[in-house]
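Enquirer: Build me a model:
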Amino acid sequence: MARVMGERGDVVPLLAEVFRAYGYEGASLARISEGTGLGKGSIYNFFPGGKEEMADAVLADIDNWFRERVFQPLRHDAGRGVADMLTAVGRYFLSGRKVCLVGVFALGHERDRFAERVRAYFAEWIDALALALERGGRAAGVARELAEDAVGAIQGALVLARAADEPELFMRTLERLRRRLE
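Expert: The predicted structure follows:
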């Protein structure tokens, strides 16, 4: 069944789910067409640069979402920032039912193609969280270590929850992080 897509931005979330399900290499044009409901011509009309442009658009969309709902709140309100980050992350990853697409790109064959964007995403997250923890009274070195541990725990819990088919594991990890970071 064909979906009606008015704008390129309407297609990006659908592309994200195709990449999330199949990775960059596995996201064939047939799978992209099936996942978006668009024919080849429409897909290339929205993304003349092909699959790489599609992936760039998806990563930019993820980056914008995290910048708005996670990184900026951490920078502006140390008191609520950490709690808000954990709530937003839980919602974004559907309480552990959705894998991290940036993480998928970090681990797959496409890693080198998107290395700078992936690195920048994780670096910004760690930096923003470390700053919030510092402003909350933690020493700079301790704040940095906690931020690295927290982002690593979130990413690891997503993988483990998916592997165990137990999304609640992810939410339990977020709850432990909440107690540890606040």
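
Enquirer: Give me the packing partners of the least confident helix or strand in the chain by mean pLDDT, helices and strands only.
Expert: Least confident helix or strand, the chain: helix 101-107 with a mean of 84, by mean pLDDT, DSSP states H and E. Packing partners of helix 101-107 (3 or more Cβ pairs under 8 Å, 6 or more residues apart in numbering; DSSP states H and E): helix 8-26, helix 50-66, helix 115-135, helix 140-164. To be clear about C-beta, it is placed using only N, CA and C from the backbone, and glycine gets the same treatment.

Enquirer: With only the CA atoms kept, save the second one in CSV.
Expert: Listed next in CSV are the C-alpha coordinates belonging to helix 50-66 (Å, rounded to 0.1, in the frame of the first residue of the first chain):
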residue,chain,number,x,y,z
GLY,A,50,21.0,8.0,-3.0
LYS,A,51,21.4,5.9,0.1
GLU,A,52,24.2,7.9,1.6
GLU,A,53,22.1,11.1,1.4
MET,A,54,19.3,9.2,3.0
ALA,A,55,21.5,8.0,5.9
ASP,A,56,22.9,11.5,6.3
ALA,A,57,19.3,12.9,6.6
VAL,A,58,18.4,10.2,9.1
LEU,A,59,21.5,10.9,11.2
ALA,A,60,20.8,14.7,11.1
ASP,A,61,17.3,14.1,12.2
ILE,A,62,18.5,12.0,15.2
ASP,A,63,21.1,14.5,16.0
ASN,A,64,18.5,17.3,16.0
TRP,A,65,16.2,15.4,18.2
PHE,A,66,18.9,14.6,20.7
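
Enquirer: List the residues that contact Phe93.
Expert: Val99, Cys100, Leu158, Phe170 (Cβ atoms under 8 Å, 6 or more residues apart in numbering).

Enquirer: Neighbour-wise, which one of those leads?
Expert: Neighbour counts for these, by other Cβ atoms under 10 Å, peak at Phe170, which reaches 27 neighbours.

Enquirer: shouldn't that one be in contact with Gln155?
Expert: No: when contacts are counted by Cβ atoms under 8 Å, Phe170 is not listed as touching Gln155 (10.3 Å).
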